[in-house]
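In: Here's my sequence, what's the structure:
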Amino acid sequence: MSLIIYCDCGRKLNVEKRHLGKKVRCPGCNTLFVAAPPDEDEPEPGEGLAPDRIEEDRPRKPRRRARREDEEAEPPRPPPRSNFWPLLALALANRGSVSGLLLLGIVSFALAFYGAKDFQLSETASATPQTLSVAHLIRNGPGDNGHVILTDFVPTDNYVVSVRVTSSEKLTGNTKGKPWENVYIPLVPRTPDMGFRPGVGQSDLRPTAIHVLLCPSRVRNEQDLARIQNANRVQGTIVNSIRSLEPKVQELLRQSYPGTDFDRCYIVQEGRAPASSTGSGAILFVGGVGVALAAGLLFLGLVARMLS
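Out: Numbers count the residues shown, from 1 in each chain. Next up, the predicted model:
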């Protein structure tokens with residue numbers, strides 16, 4: 001014998017009497033519940049209602065069950081995270097972006113470095129050179145303008161040349177034919193009793209100390225050096241404020257000129273004219289901004305990778 005019971009979802013089930021008191025599953029909402037005999041006084045769904053209010057015996061949408069006490073509560077969902085850091089980490093994660101930022105930082109640092117040098121040099125030299133004899137420069141100094149045109153000088157015969165060599169050439173000492181990197185030529189004042197003006201390597205002058213050292217530009221061999229030998233005047237800028245002699249160069253020059261005080265020796269870079277303070281300041285500013293931008297983006301990329 002079967003009885004009619006109702007699920008909480010409203011579905012009517014035919015249950016045999018032997019299943020009363022046991023758990024049965026509703027085919028409508030798939031819920032397990034204990035089959036209990038219906039109360040005699042409880043009307044069946046639809047009983048006592050008007051015919052137009054009687055619903056058809058059809059599956060209804062399951063109602064949300066009340067949470068049982070023995071069920072674990074779902075943990076609260078975390079708030080949605082911003083997509084900014086993951087996107088930034090993704091943009092800066094590839095090797096090309098990192099290499100580009102490193103290149104930007106290196107180029108910007110170079111600009112800032114040379115801009116600072118030019119700005120410092122522009123404080124001690126003007127765009128218009130002053131003409132001085134070497135004797136006047138040694139006696140009175142350049143004053144407030146290190147941009148000079150030197151006259152009345154004689155190059156001495158002992159000068160220093162630096163070349164770039166490989167490790168094997170350094171061991172063998174064979175540097176013949178290598179292009180010159182830098183040349184350091186001591187200049188001494190020309191006096192009337194010299195009679196003629198000898199060239200580099202042709203002078204009998206043996207001063208114990210030198211006070212002016214010329215660093216010519218675009219001199220890569222002895223043929224280029226002839227330009228300095230035949231020149232009666234040279235234009236350049238005194239660069240002591242931004243440059244000093246390497247210890248090896250000082251050592252070689254001191255062998256020929258032992259009484260030289262290199263802290264008081266004027267280093268004249270031939271062919272160089274000082275940049276304006278406005279131009280060098282602009283280069284310094286652009287370089288500094290580039291360094292800051294590259295460093296900031298690299299730092300943000302690292303933070304983004306940590307937070308993503």
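
In: Next up, the contacts around V234.
Out: I149, L150, F153, L214, P216, I228, V268, E270 (Cβ atoms under 8 Å, 6 or more residues apart in numbering). All C-beta spots, glycine's among them, are computed from the backbone N, C-alpha and C.

In: what do you get for L102?
Out: The neighbours of L102, taking Cβ under 8 Å, 6+ apart as the test, are A294, L298.

In: Is it in a helix, a strand, or coil?
Out: Secondary structure for L102, judged by DSSP: H, G, I helix; E, B strand; the rest coil, is helix.

In: roughly how far apart are L253 and L101?
Out: As judged by Cβ to Cβ, to the nearest Å, L253 and L101 stand 43 Å apart.

In: Please, where are all the helices along the stretch 101-250 of the chain?
Out: Using DSSP state H, counting those that start in this stretch, the helices assigned to the stretch 101-250 of the chain run over residues 134-140, 167-172, 222-229, 247-256.

In: Pull out the buried residues from the longest one.
Out: Burial within helix 247-256, assessed by neighbour count using 16 or more other Cβ atoms under 10 Å, is assigned to V249, L252, L253, S256.

In: now swap in the first one and tell me
Out: Buried positions in helix 134-140, judged by neighbour count with 16+ other Cβ under 10 Å: V134, A135, H136, L137, I138.

In: Export the residues you listed to TSV and append columns for pLDDT and distance to Y114.
Out: As requested, the buried residues of helix 134-140 are arranged in TSV below (pLDDT from 0 to 100; distance: Cβ to Cβ, whole Å):
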residue	pLDDT	distance to Y114
V134	92	29
A135	92	33
H136	93	31
L137	93	26
I138	92	30
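
In: For L297, state which of those residues is nearest.
Out: L137 (48.8 Å; Cβ to Cβ).

In: what's the closest one in contact with, if anything?
Out: By Cβ under 8 Å, 6+ apart, the contact set of L137 is V148, L150, H211, V212, Y266.

In: Identify the residues contacting the closest residue to the third one other than its chain neighbours.
Out: Excluding the flanking residues, the one nearest H211 by Cβ to Cβ, 6 or more residues apart in numbering is I138, at 4.5 Å. Going by Cβ under 8 Å, 6+ apart, I138 touches P189, H211, V212, Y266.

In: Run a quick neighbour tally on F109.
Out: Residues lying near F109 (other Cβ atoms under 10 Å) number 16.

In: Surely it touches V289?
Out: No. F109 is beyond contact range of V289, at 11.7 Å (criterion: Cβ atoms under 8 Å).

In: was I right about E181 contacting V163?
Out: Yes. Assessed by Cβ under 8 Å, E181 is found in contact with V163 at 5.7 Å.

In: Run through the bridge partners of L32.
Out: Beta bridges link L32 to R25 when assigned by DSSP bridges.

In: Just give the number of residues close to it.
Out: Neighbour count for L32, taken as other Cβ under 10 Å: 8.

In: how close does K176 get to V165?
Out: As defined by Cβ to Cβ, K176 lies at a distance of 11 Å from V165.

In: So between these two, which is more surrounded?
Out: Counted by other Cβ under 10 Å, K176 and V165 do not tie: V165 has more neighbours, with 15 against 7.

In: what separates that one from E222, distance-wise?
Out: Taking Cβ to Cβ as the measure, V165 falls 18 Å from E222.

In: now swap in A209 and tell me
Out: From A209 to E222 the distance is 26 Å (Cβ to Cβ).
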